[in-house]
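1. Test case, fold it:
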Amino acid sequence: MDNIFELGFSVFTDNAHTSLLRYLLKYEKAEKKGFENISPRDVMELGFETMFMSQVFEKELSKLEVSGPEKLALNIVRKYKHREFVHPIEKNYLVFTIWRNNEGFLRYTLDNIKKPHNVENGFEKADCYLVPALDVLPHLRQIFLKIAIDKNIF
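-> I've put the predicted structure just below:
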């Protein structure tokens with residue numbers, strides 16, 4: 001009972017099936033529309049869902065043997081969880097920026113790291129974050145599906 005606040009997620013918990021279905025639904029909608037065509041806010045939401053799924057499958061991910069682009073994608077997510085980054089940063093991450101104008105309206109953009117902006121059409125940069133690049137998402141989806149199939153979640 002000492003670990004009452006510990007999030008002991010695993011594929012064997014009830015929420016794994018529901019969480020995976022929610023993630024796949026959002027992923028499929030974004031993929032159908034085209035990752036480059038979805039709003040920056042939707043990209044962030046999908047990124048949060050991806051991070052949550054990596055927590056749900058944390059135990060299984062630690063045992064999983066992957067190589068190539070899947071290994072890179074998994075490494076990016078694992079390090080991102082601890083606010084660490086995989087080099088080259090320009091290739092593996094994008095900048096999610098929140099802009100604010102004088103009236104208090106917010107606008108969101110998603111750009112490559114080398115694109116400098118301080119003021120854009122009356123909006124000033126309020127905050128920005130590095131987020132994993134969109135090209136890691138298909139690899140992470142494949143990893144999650146491998147675990148789901150292996151553990152008979154569907």
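2. Any stretches of the protein with poor pLDDT?
-> When the per-residue scores of the chain are filtered using pLDDT under 70, the ranges that remain are 1-15, 117-119.
3. Roughly how far does the residue minimising distance to the centre of it sit from W99?
-> Here the mean C-alpha position of the chain is nearest to the C-alpha of G47 (C-alpha atoms, centre = their mean), at a distance of 2.4 Å. Between G47 and W99 the computed distance is 19 Å (C-beta to C-beta, to the nearest Å). C-beta: built from backbone N, CA, C; applies to glycine.
4. before we move on, what about E60?
-> As it turns out, when the distance is counted by C-beta to C-beta, E60 lies 39 Å from W99.
5. again, but for I147
-> 38 Å.
6. Next, the nearest residue to T97 once chain neighbours are set aside: phi, psi?
-> Counting by C-beta to C-beta, 6 or more residues apart in numbering, T97 lies nearest to C128, which is 4.2 Å off, once chain neighbours are set aside. Geometry field for C128 lists phi and psi as phi -150, psi 150, criterion degrees, to the nearest 10.
7. how many neighbours does C128 have?
-> C128: 15 surrounding residues under other C-beta atoms under 10 Å.
8. didn't it look like it was pressed against V95?
-> Yes - under the criterion of C-beta atoms under 8 Å, C128 is in contact with V95, at a separation of 5.4 Å.
9. where's R107, which helix or strand?
-> Using DSSP states H and E, R107 sits within strand 106-111.
10. next SSE after the helix of greatest length in the chain?
-> Across the chain, the longest stretch assigned as helix under DSSP state H is helix 15-33. With elements assigned by DSSP H and E, the helix or strand that comes after helix 15-33 is helix 40-56.
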